[in-house]
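Trainee: the following block contains a protein sequence and its predicted model.
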Amino acid sequence: MIDLRNITKVYNPKKHNEFTALDDVTLKISDGEFCAVIGKSGSGKSTLLHIIALLDKFSFGDYFLNGKDVAKTPEGAAAKYRAKNIGFVKQDFALIEDYTALDNVMLPLYPIKAKDKKKKALAALKKMGIERLSEKETRKLSGGEKQRVAIARAIVNEPSIILADEPTGSLDSKTAAEIMNVFKQLNAEGKTVVIVTHDQGIAKQCNRIIEISDGKIISA
Amino acid sequence: MNSLKLFLTSFRKDFFSYILVALEIAALILTENYIFSILKEREILNVPFTPLLNDNSVYFYDMNKLYAVGSREELSQNVSGEYKVYDIKSCSVNSVVVISVSDEIYDKLSLPLKFGNYAKAVASERISKGENNIQFSDGQTLTLNVSGTLTEMTYLPSMESFSTDMTTSDFYINSANTQDVIITNRSSINGYEKYFINSTGFIIEFNENAEENISRLRNSRAIVIDSDLIIKNSEKALNYDRERFLPIIITVTLIVLVGTICISVITFKENELKNGIMWLCGYSRAGIIGMHITNISLISLFSVIISAVAFLILKLSENEFVKGLNLSLGNLILTAITVLLLIGISTVIPAIKSKNTSPVEYLRRAK
């Protein structure tokens, strides 16, 4: 379960450009939910997702992830926890273009010193239906293929939580629909999926819509 | 991805950049070792004369007494109180081949020996640098520690040819490279004082008992040298080298150092997106810095290998520019320190920068 309590995130505190991205956000997402976080640009939805993913720290509040208080977790431990339990997908894919699809998918396996890295990575690519592209350089893949590689990387450690920040933002509608089906499939397997989007059409495909505006939860 | 695989992948992609950095570091190591070697070389050259340079006492050795006692150590014991005797330690440095001379000529040259009987001559064949053991038919062994042609500080004239018919006077007149200071026996310069004076060969030094000592010295087969002259010649030689080479070498060193650091920082900056992605995939900030250190370390290792190979090639080529380079433990330590310093500086700057920047920012900036 994702349990955020009174989370506030302030950028550049006590400086002239101080900015409150999240303001006293309390949110619970249960295991197996398929949620969309929707809001305008600059509303704080990506910041919320980064905090959930332990990619970024918050200024105030508490965060319990699967019952564990992760607020005070040291950076190294948080990174390992993230590698094991959370898969993250970004709009721009966040792939290393010089690497092959296989190399990219194998990245999260190294921090946790997983065994049979290549085997697991190929299995993840196969699940995404792109095993044939494993030795291809990422720069040579289409947008849809890249996003599939990104999702394969996100699930290679079999995390229980998948977070996606505008995963269809760079894709055409047909490819976007395909990617959404992938997320639905992952949710059907029991994974908690949280998608950040500004697209109402994408949001409606999720079971729960969390609306955020100016750093505050409007509806959950 | 582990550090080595990351390095190999990046190396394949940015091959020329990596080679450039490696060559720059190699150039830095080579120039640095050259500076160090030049200074060391001069230090080595001065070693034989260190006792002399520190004291204004008269130096001499008496051939007659050597005949009698057979060794420098015994001589020292017998004449203590009357004269001060200094041991000259000659050092083996990178030198040209030394020509040996016949008994008669050698007797006049008074080449300092480490061991053996001074009265015995050297063999007639060529002697190479370093220690040379010469066995004589009567069973005696002579050990020469030949310093060869060093620079102005040497006391062995080098010649290209000689014959046993040559007299001492012929020897010195024919010598192509008579040095500024010659330590030799008195008899060898009889009649040729003018030659040596013109060559700034030697100046008799006066001490408290000047008159008495001079007459004694004139009766012996010894000569005195002016320690001030040695110091001046030594400084002159050192300054000459410094003036000639060091400004260029220091400039090159600074350029290479700055260039290497800049490349490292730029590379780290270009890798910001990659670092952000690593963060996304569960790598800690320390782990990312660790990979950067590995990257720089492997490049540096590659550079050390290049510079070592280049160094050896230069040494074997006997190139004038590098003659006298001395690959000692000091050089190796200096090289190691340089490489570690490069790694440190190349890592610290990006590490400090990344400490204040969330890796999430790298991902945002890359959009």
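Mentor: Received it, and whenever you're ready, just let me know what you need.

Trainee: local confidence estimate at residue 179?
Mentor: Just so you know, I chose chain A. At residue A:179, the model reports a pLDDT of 89.

Trainee: ah, no, chain B please
Mentor: 30.

Trainee: swap in residue B:63?
Mentor: For residue B:63, the model assigns a pLDDT of 35.

Trainee: was I right to think residue A:168 contacts residue A:182?
Mentor: No: in this structure residue A:168 lies outside contact range of residue A:182 using Cβ atoms under 8 Å: 10.5 Å. Bear in mind the C-beta positions are built from the backbone N, C-alpha and C, glycine included.

Trainee: my guess is residue A:69 meets residue A:5, correct?
Mentor: No: between residue A:69 and residue A:5 there is no contact under Cβ under 8 Å: 10.2 Å.

Trainee: could you check which of those two has the larger neighbour count?
Mentor: residue A:5 (14 against 11; other Cβ atoms under 10 Å in any protein chain shown).

Trainee: partner strands of whichever helix or strand the more buried one is part of, parallel or antiparallel?
Mentor: Assigned by DSSP states H and E, residue A:5 belongs to strand A:2-11. Looking at strand A:2-11 with DSSP bridges, its partner strands are strand A:19-29 (antiparallel), strand A:60-65 (antiparallel).

Trainee: would you mark the buried spots in it?
Mentor: A:2, A:3, A:4, A:7, A:9, A:10 (16 or more other Cβ atoms under 10 Å in any protein chain shown).

Trainee: closest one to chain B out of the residues you listed, please.
Mentor: The shortest gap between chain B and any of the buried residues of strand A:2-11 belongs to residue A:9, at 11.2 Å (Cβ to the nearest Cβ).

Trainee: ok, the closest one - contacts?
Mentor: By Cβ atoms under 8 Å, 6 or more residues apart in numbering or on different chains, residue A:9 lies in contact with A:20, A:21, A:22, A:44, A:47, A:51, A:56, A:58, A:59, A:215.

Trainee: restricted to helices, list those.
Mentor: In helices, defined here by DSSP state H, the members of these are A:47, A:51.

Trainee: mutual contacts of residue A:69 and residue A:5, please.
Mentor: A:62, A:63.

Trainee: angle of the stretch of helix or strand residue A:80 belongs to against strand A:60-65?
Mentor: Per DSSP H and E, residue A:80 falls inside helix A:75-85. Comparing the axes of helix A:75-85 and strand A:60-65 via axes from the mean of the first three to the mean of the last three Cα atoms, to 10 degrees yields an angle of 40 degrees.

Trainee: helix A:75-85 and chain B, any residue contact?
Mentor: Yes: Helix A:75-85 lies within reach of chain B by Cβ under 8 Å from any Cβ of the partner chain, at A:75, A:76, A:78, A:79, A:80, A:82, A:83, A:84.

Trainee: so the first one sits against residue B:287, correct?
Mentor: The reference is to residue A:75. No: using Cβ under 8 Å, residue A:75 is not in contact with residue B:287; the gap is 9.9 Å.

Trainee: ok, these two, which is more surrounded?
Mentor: Neighbour count, other Cβ under 10 Å: between residue A:75 and residue B:287, residue B:287 has more, with 19 against 14.

Trainee: hang on, that one in a helix?
Mentor: Yes: under DSSP: H, G, I helix; E, B strand; the rest coil, residue B:287 falls within a helix.

Trainee: would you map the helices across chain A?
Mentor: A:45-52, A:75-85, A:101-106, A:117-127, A:143-155, A:173-188, A:200-203.
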